[in-house]
Structures are given as C-alpha cells and as structure tokens.
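# with the sequence up front, the predicted model follows.
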Amino acid sequence: AMFSGGRGGLQFGACHISIPEVHEVGQLEAPSILKLELTERPEKHVVLLEVLSKEEEAFFADLRAMVAQSPRREILIFVHGYNVSFEDAARRTAQMAYDLKFTGVPMFYSWPSQADLLGYATDRDNSLWTVSHLKEFLLKVAQQSEAESINLIAHSMGNRAMGTALEEIAAEMKEET
C-alpha cells in the first residue's frame, strides 16, 4: 500500500474502488483462504484498484465539481479506527457509501494505524497525534467543498480523534464570536 503506519503531513488524493455485483450489504468481500482464493478479483471482492495523489488545489477543485454533481450537495467523511490499514479504510468507505446508497461524495480521513492487533498503544498515541491534521482537513473541506452538508462517521479509536478535533473547532469558533 502507498501509505503505511508512519506519521507524515496532511496529503490529499483519490481512490478507485470496485464493488462486485455479488456484494452483500454489510460485507467487505476479500479473498478467503477457506475458498482457496489467493488473489483479489474485482468481480468477487471489494478491491482498492488505484490511489492517486493530488495537489491540494486540484483535490478541492475536483471535490467541488463532484459535490456540484451530487443531488443533495453532500459529503460523507469516514474516520477509521484502531488496527485498520489505509487500504481497508478506503475499501470500507466505498462499501458503506454503496450500502447506504449515498448519492453524495464519499471521503475518508486516514491516520497512521499500525494495522496490527499488537499496535494498540501506538495507535492510541497516533489517534491523538493526528487531531491537528484532522481538524485542518475538516475545516478545509467545510470551507472549500461548497457542500451543503457534511456527514461524519468515526469508528472505534477514530472517535477519539474526531471528537477532539470537533471540540477544538467549536472552542475556536466560540472565541471568534
């Protein structure tokens, strides 16, 4: 995968993900050893096909265009939890948007999870470390997307980052008034 569990600056991009025709609601279909499947196949599995890195300006220009084309001008942002790779966060976002029949723009914010059950302490630290980046991301999306509504979903440890970021945004908005 392009992004590991290491820390870095805020980066923008787009992912292409396939959802198979045989998809079942709530499932994140992946190769199964029990079915003797060793490789991902788009016709059977939810697959991250491509990751495109984008400059911030181009990212927001594309986002505005996609929001403008959506019927209700809305965005869904997913923040993953502990023990989740970048790839699985991308796949889960697509699966949720598909299952919810979401007609807006699905997005996700990925923070550096170790994607390992033994990485709990590091993930906990990184979920707090990422707050400033998440806050910056949420504010930029709110200010530059031209969306009428932004729906936020956080899972597990992602709630800690999301909750803290929103508390800080609210406190800063209070100070400005």
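All right, it came through fine. Residues are numbered from 1 along each chain as shown.
# helices of the chain, start to end?
56-69, 86-99, 120-129, 131-144, 158-176 (DSSP state H).
# mind listing what's buried in the fourth one?
Buried positions in helix 131-144, judged by neighbour count with 16 or more other Cβ atoms under 10 Å: 131, 133, 134, 135, 137, 138, 140, 141, 144. For every residue, glycine as well, the C-beta is placed using N, CA and C.
# how about the contacts made by the first one?
Residue 131 makes contact with 161, 164, 165, 168, according to Cβ atoms under 8 Å, 6 or more residues apart in numbering.
# rerun at 6 Å
By Cβ atoms under 6 Å, 6 or more residues apart in numbering, the contact list for residue 131 reads 161, 164, 165.
# could you find the closest non-adjacent residue to residue 151?
Excluding its sequence neighbours, the residue lying closest to residue 151 (Cβ to Cβ, 6 or more residues apart in numbering) is residue 76, at 4.7 Å.
# burial of that neighbour, as a residue count?
As a burial measure, residue 76 scores 20 neighbours (other Cβ atoms under 10 Å).
# can you tell me which residues contact it?
Contacts of residue 76 (Cβ under 6 Å, 6+ apart): 102, 106, 151.
# can you select the buried ones from those in ChimeraX?
Of those, the buried ones can be selected in ChimeraX as follows, counting by 16+ other Cβ under 10 Å:
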select :102,106
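# and the closest residue to residue 70 other than its chain neighbours, how many neighbours?
Leaving aside its sequence neighbours, residue 70 sits nearest to residue 104 (Cβ to Cβ, 6+ apart; 4.5 Å). The number of residues packed near residue 104 is 22, by other Cβ under 10 Å.
# on that earlier part again, how about the buried residues of helix 131-144 in TSV, adding distance to residue 155?
Shown next, in TSV, are the buried residues of helix 131-144 (distance: Cβ to Cβ, whole Å):
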residue	distance to residue 155
131	16
133	18
134	14
135	18
137	17
138	16
140	22
141	18
144	25
